[in-house]
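> My questions concern the predicted model and sequence given below.
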Amino acid sequence: MTNAVNLLDLDPIGLVSYCENLGEKPFRARQLQRYIHRSGISDFDAMTVLAKSLRDKLKICASIRHPAVLKDRTSADGTRKWLLDVGEGNAIETVYIPDQDRRTLCVSSQAGCAVNCYFCSTGKQGFSRNLVVGEIIGQLWMTEFALRAAHGSPFPGKRVITNVVMMGMGEPLLNFDAVLSAIRLMLDDNAYGLSRRRVIISTSGLVPMIDRLADELPVALAVSLHAPNNSLRDKLVPLNKKHPLEELMLSCSRYLRVAPRDFITFEYCMLDSINDSDECAQQLLVLTRRISCKFNLIPFNPFPESRLLCSSPERIRRFAQILIDGGVITTVRRTRGADINAACGQLVGEVHDRTRALMRRKQNIIPVLRGSPRAI
């Protein structure tokens, strides 16, 4: 079975093509997809609606394989984190966040991350490779049916996970094709049946890929902003040097024409004495004045290598109030899962670093960013 096709790698179109290659009608692909993604069945013998001849073929040439679970931890607040083996010394993390009637899964798209935002622990371990479709959708497949087995579905015949956010390890738009194939499965009524409003892609600002997403499969969009001007964002989010804020804001405006929500979410990590001044808040209002948006302020979750501190609660409240007074809906993200390192920016997993990020950091130590934005 080492050469068996992993059916989790096939999106709806790919599964139809695969069944046709086996001499089967397209409706067999829909039946097979329901068994896999609606019911979580991986035993072909149990797929009794399928013709026995097809089941026998599948047992020879196909399999259903999700990344193996290495660790499974649950936080005091109910957040649950899995460490998943994706081979060759790489492991990724997936986080489940229950919150009343909203049950969100935070999914990884890469082993590591090459964007290397200054305040993110994932980027500090470097980058190994993009995940394939089966490794991305496999996170949803594994967690959905593990949760059903442990707790049962809260509503008969309904899924446990209601929302998916591509905010785990990696930059989703740098793995565009695989991420889109996985999202097609998330949206398909014969699979998970999520709405486009309930699937969020978070990007650090790859302008060409934002435009391509708008053309091919627009879902809810979150942009990791983190700075109100280019000079500061160049340091916090190095990708800004390639796609500066002016270009990014224009791409957000274009995206809004087709977006399933009538706003863009701007994520903003609150860093003490770096990007949290009143002046920064005022600059944000000017920067985003022509874009329908909301701000999600994220208290920074420290990790040893960062040498950064989180803004004080009082400073975050003041910053949020300036944005609210400026007419922008603003929320402060509640930190979840910090006791198991499952909070925003804390996902690290294990990465066979092909980019030699650690070595480069030791050779070229970056000074700590402190003081007012104008002093950086």
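Yep, that arrived. Predicted, not measured: the structure shown is a model, and the values here were computed from it.

> where along the stretch 251-376 of the chain do the strands fall?
264-270, 293-299, 329-332 (DSSP state E, counting those that start in this stretch).

> neighbouring strands for the second one, and are they parallel or not?
Here strand 293-299 is paired, per DSSP bridges, with strand 264-270 (parallel), strand 329-332 (parallel).

> Need the residues that contact the shortest one.
Just to be clear, that refers to strand 329-332. Strand 329-332 is contacted from outside by Phe263, Lys294, Phe295, Asn296, Leu297, Pro299, Ile316, Arg317, Ala320, Leu323, Ile324, using CB atoms under 8 Å, 6 or more residues apart in numbering. Using the backbone N, CA and C atoms, a C-beta is placed for each residue, glycine as well.

> Likewise for the longest one?
The set of residues that contact strand 264-270 without belonging to it, under CB under 8 Å, 6+ apart, is 119, 200, 202, 220-226, 252, 255-256, 275-276, 284, 288, 291-300, 310-311, 315-316, 319, 344-345.

> circling back to that earlier point, closest to Arg196 out of the strands paired with strand 293-299?
Ranking those by distance to Arg196, with CB to CB as the measure, places strand 264-270 first at 14.1 Å.

> Give me the distance from that closest one to the chain's centre.
14 Å (CA atoms, centre = their mean, to the nearest Å).

> got it, and stretch 37-46?
26 Å.

> So for it, mean pLDDT?
For stretch 37-46, mean pLDDT is 96.

> For the chain, which residues score under the pLDDT cut-off?
When the per-residue scores of the chain are filtered using pLDDT under 70, the ranges that remain are 1-2, 152-157, 336-376.

> All the helices of it, residue numbers only.
Using DSSP state H, the helices found in the chain span residues 12-21, 26-33, 52-61, 121-124, 133-151, 176-187, 207-216, 230-236, 245-256, 278-287, 313-325, 357-363.

> if we can go back for a sec, please convert the buried members of the contacts of strand 264-270 into PyMOL selection syntax.
The following PyMOL line selects those of these that are buried, judged by 16 or more other CB atoms under 10 Å:
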select buried, resi 119+200+202+220+221+222+223+224+225+226+252+255+256+275+276+284+288+291+293+294+295+296+297+298+299+300+310+311+315+316+319+344+345
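
> could I get the strands of the stretch 251-376 of the chain as TSV with distance to Arg129?
As requested, these are arranged in TSV below (distance: least, CB to CB, whole Å):
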stretch	distance to Arg129
strand 264-270	25
strand 293-299	27
strand 329-332	34
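
> about what we covered before: of the helices of the chain, which stretch is the most buried?
Mean neighbour count (mean count of other CB atoms under 10 Å) peaks for helix 121-124 among these, with a mean of 24.

> what's the distance between the closest residue to Asn275 other than its chain neighbours and Arg289?
In space, not counting the residues next to it along the chain, Asn275 is nearest to Ala227; the distance is 5.4 Å by CB to CB, 6 or more residues apart in numbering. When CB to CB, to the nearest Å is the yardstick, Ala227 and Arg289 sit 17 Å from each other.

> So for those two, which sits in the more crowded spot?
Each of Ala227 and Arg289 has its neighbours counted (other CB atoms under 10 Å); Ala227 has more, 26 against 12.

> Surely that one is in contact with Pro244?
No: with contacts counted by CB atoms under 8 Å, Ala227 stays clear of Pro244, the gap being 11.0 Å.

> just checking, Gly168 touches Tyr96?
No: using CB under 8 Å, Gly168 is not in contact with Tyr96; the gap is 11.2 Å.

> Please give me every residue in contact with the closest residue to Gln283 other than its chain neighbours.
In this structure, Gln283 finds its nearest non-sequential neighbour in Pro228, 3.5 Å apart by CB to CB, 6+ apart. Taking CB under 8 Å, 6+ apart as the contact definition, Pro228 lies against Asn275, Cys280, Ala281, Gln283, Leu284, Val286, Leu287, Pro373.

> do Asn275 as well
Going by CB under 8 Å, 6+ apart, Asn275 touches His226, Ala227, Pro228, Leu232, Leu236, Tyr268, Cys269, Pro373.

> And for Val16?
Pro26, Ala29.

> what does Arg317 give?
So, once contact is read as CB under 8 Å, 6+ apart, Arg317 ends up touching Val332.

> separation between it and Leu287?
With the distance defined as CB to CB, Arg317 ends up 21 Å from Leu287.

> ok, now Asn240?
Taken as CB to CB, the spacing of Asn240 relative to Leu287 amounts to 13 Å.

> OK, contacts around the closest residue to His37 other than its chain neighbours?
Taking CB to CB, 6+ apart as the measure, His37 lies nearest to Ala191, with 3.6 Å between them; neighbours along the chain are not counted. By CB under 8 Å, 6+ apart, the residues touching Ala191 are Pro12, Gln33, Arg34, Ile36, His37, Arg38, Leu185.

> Spatially, which two of these are the most separated?
Across these, no pair lies farther apart than Pro12 and Arg38, at 12.8 Å, counting by CB to CB.

> still on that earlier bit, which one of the strands paired with strand 293-299 lies closest to Phe176?
strand 264-270 (18.7 Å).

> List the beta-bridge partners for the nearest residue to Ala320 once chain neighbours are set aside.
Take Ala320 and drop its neighbours on the chain: the residue closest to it by CB to CB, 6+ apart is Thr330, 4.8 Å away. Beta-bridge pairing of Thr330 under DSSP bridges involves Phe295.

> what's the closest non-adjacent residue to the residue most central in space within the chain?
Nearest to the geometric centre of the chain sits Met166, at 1.7 Å (CA atoms, centre = their mean). Nearest-residue entry for Met166: Pro172, 4.2 Å, with adjacent residues in sequence omitted and distances by CB to CB, 6+ apart.

> Give me the distance between the one you found and Glu314.
According to CB to CB, Pro172 stands 34 Å off from Glu314.

> out of all of them, which strand in the chain is the longest?
When secondary structure is assigned using DSSP state E, the longest strand within the chain turns out to be strand 90-99.
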